[in-house]
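[1] Have a look; sequence and predicted model below, questions after that.
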Protein chains: 2
Amino acid sequence: MDIKALTFDVFGTVVDWRSSIIREGQLLTDGFGYKVDWAEFADRWRAGYAPAMHRVRTGELPWTKIDDLHRMILDDLVLQFGLGDMSEDELVEFNKVWHRLTPWSDSVAGLTRLKRQFVIATLSNGNVSLLVNMAKYGDLPWDVIFSAESFGHYKPDPDTYVGSAELLGLSPSEVMMVAAHPGDLRAAADSGLKTAYVSRPLEGGPNHKSENVSEGDFDVVADDFIDLAEKLGV
Amino acid sequence: MDIKALTFDVFGTVVDWRSSIIREGQLLTDGFGYKVDWAEFADRWRAGYAPAMHRVRTGELPWTKIDDLHRMILDDLVLQFGLGDMSEDELVEFNKVWHRLTPWSDSVAGLTRLKRQFVIATLSNGNVSLLVNMAKYGDLPWDVIFSAESFGHYKPDPDTYVGSAELLGLSPSEVMMVAAHPGDLRAAADSGLKTAYVSRPLEGGPNHKSENVSEGDFDVVADDFIDLAEKLGV
């Protein structure tokens, strides 16, 4: 393999969205005195995201960035969870929890090591400002930020994978997509990219069962970013 | 001023294109035994860039990235300078000297300091891969890379300035354009951005006279990036 660049899925692969939302939610309602099942809230917020994106991908909605899709879902959830008293300022601020997601414990060390040998890029459905703010918040050392917003297409549309390789001046086979989600990797492979699966068993919480992945399903199967660096010889 | 992000012109403002090209050119012809006036070569390569971009901006050429515009100009220059024997591989490699331009001596220290308080972004006519490779070559600690290529428009088209602010989720007045070129700054100001002029008296070589700039022509007038950091209170 002659890999020059790694493109990373972000939500779930680099950062732990679930724990981050639960923690900020608890801080919010501790202040207010409400009682909310924040794990359930986090899971439902995340679950609303694929159908919302699908409406954009199929043309039912015009291009809408993730911040705005997250807000549409949040507006429903606050009513369902008895948080309808939140002010507009509080909603704007809480919606930005997605800009403040905490990296998995190996993410910064692994990316820093991988950056020595490869161009490391996001390839995320998050919008640019979300990814920039998250990188500053979590010290993620990206060389370059690619977002669905840069392409006007959401993953798994091929334009995102092929477009990233083009912007890097590389052929698709010189780029490796890194993700904890087999569907993202299969779409990247269909566009000619190499693929690395990284296991994130806690992404969906302690009781969530991930899709089974075997050695050989992808070009690399790794336990975390440190293991990925080892396996890529960095 | 409530500045959240700084967008930087790159060629001449962050990196010293002229000395970098002269140095690589000399190494090239030292090896071959040719004698070439590399200062003249560098100046003519750079001088070809504005008219080439203008052909794209006016629609005479379809969208063409800077790597390809540089190559068009280079193909003429090698004939004029008696370098017509260069192989295709050598031309491809030499054209990428623009990916290996050396930062001014204050650039990395100044950017590192400014990054503590602001989002720091390129806003350059260089294509994305050029800017990514240059950042790795010169250790430029960008938070995010914006390129004319991201917008399909070259500076000074307003789409580039306004588009950068939009991608950052900021209003134009929260973004400050930093450049050593008054024309770039005046166009940014017309789009509502704040402006910082940084003096780079050696950009055009020791005998080149820059346009006069006075305190008050822009929001900040600074001697270099360290002085800019001081004046922005970082």
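    Structure's in. What do you need?

[2] how about the residues of chain A near chain B?
    Proximity of chain A to chain B is confined to A:67, A:119, A:127-129, A:131-132, A:135-136, A:143-145, A:149-150, A:167-170 under the rule C-beta under 8 Å from any C-beta of the partner chain. No exception for glycine: its C-beta is placed from N, CA and C like everyone else's.

[3] What separation do you get for the nearest residue to residue A:222 once chain neighbours are set aside and chain B?
    Nearest residue to residue A:222 in three dimensions, chain neighbours excluded: residue A:228, at 4.0 Å (C-beta to C-beta, 6 or more residues apart in numbering or on different chains). In this view, residue A:228 and chain B are 19 Å apart by C-beta to the nearest C-beta, to the nearest Å.

[4] Could you list every helix and strand that the one helix or strand residue A:228 maps to packs against?
    Residue A:228 is part of helix A:225-231 when elements are defined by DSSP states H and E. On a contact count with 3 or more C-beta pairs under 8 Å, 6 or more residues apart in numbering or on different chains; DSSP states H and E, helix A:225-231 meets helix A:107-115, strand A:194-198, strand A:220-222.

[5] and the residue of chain A positioned farthest from its centre, backbone torsions?
    What lies farthest from the middle of chain A is residue A:33; by C-alpha atoms, centre = their mean that is 31.1 Å. Per-residue torsions, residue A:33: phi 80, psi 0 (degrees, to the nearest 10).

[6] If I look at it, what pLDDT would I see?
    Looking at residue A:33, its pLDDT reads 74.

[7] Equivalent analysis for residue A:63, please.
    pLDDT for residue A:63: 95.

[8] just the strands in chain A please.
    For chain A, the strands defined by DSSP state E occupy A:5-8, A:15-16, A:102-103, A:119-124, A:144-147, A:175-179, A:194-198, A:220-222.

[9] which residues make contact with the fourth one from outside it?
    Applying C-beta atoms under 8 Å, 6 or more residues apart in numbering or on different chains, the external contacts of strand A:119-124 come out as A:4-11, A:14, A:111, A:114, A:131, A:141-148, A:155, A:160-161, A:164, A:168, A:177, B:132, B:136.

[10] and with 6 Å instead?
    Contact with strand A:119-124 is made by A:5-8, A:10, A:111, A:114, A:131, A:142-147, A:164, B:132, as judged by C-beta atoms under 6 Å, 6 or more residues apart in numbering or on different chains.

[11] Over to the second one?
    Where contact means C-beta under 6 Å, 6+ apart, the residues beyond strand A:15-16 that reach it are A:101, A:102, A:103, A:104.

[12] any idea of the mean pLDDT for that strand?
    In the prediction, strand A:15-16 has an average pLDDT of 98.

[13] for it, the distance to its chain's centre please.
    8 Å (C-alpha atoms, centre = their mean, to the nearest Å).

[14] With the third one instead?
    Taking C-alpha atoms, centre = their mean, one finds the center of strand A:102-103 at 11 Å from the center of the full chain.

[15] do the same with stretch A:220-234
    19 Å.

[16] tell me which residues of it are tucked away?
    Judged by neighbour count using 16 or more other C-beta atoms under 10 Å in any protein chain shown, the buried positions of stretch A:220-234 are A:220, A:221, A:222, A:224, A:225, A:226, A:227, A:228, A:229, A:232.

[17] Now render those residues as a markdown table, adding pLDDT.
    Shown next, in a markdown table, are the buried residues of stretch A:220-234 (pLDDT from 0 to 100):
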| residue | pLDDT |
| --- | --- |
| A:220 | 98 |
| A:221 | 98 |
| A:222 | 98 |
| A:224 | 98 |
| A:225 | 98 |
| A:226 | 98 |
| A:227 | 98 |
| A:228 | 98 |
| A:229 | 98 |
| A:232 | 98 |
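
[18] So the residue nearest to residue A:63 when sequence neighbours are not counted versus residue A:62, what's the distance?
    Closest residue in space to residue A:63, ignoring its immediate chain neighbours: residue A:152 at 5.6 Å, by C-beta to C-beta, 6+ apart. Per C-beta to C-beta, to the nearest Å, residue A:152 is found 10 Å from residue A:62.

[19] These two: who's more crowded?
    residue A:152 (12 against 7; other C-beta atoms under 10 Å in any protein chain shown).

[20] any idea how far chain B is from the more buried one?
    Between residue A:152 and chain B the computed distance is 11 Å (C-beta to the nearest C-beta).

[21] Could you do residue A:126 as well?
    The gap separating residue A:126 from chain B is 12 Å, by C-beta to the nearest C-beta.

[22] again, but for residue A:181
    From residue A:181 over to chain B (counting by C-beta to the nearest C-beta), the distance is 24 Å.

[23] ok, for that residue, nearest residue in space, not its chain neighbours?
    Closest to residue A:181 by C-beta to C-beta, 6+ apart is residue A:9, at 6.3 Å.

[24] mind listing what the residue nearest to residue A:222 touches?
    A:196, A:198, A:222.
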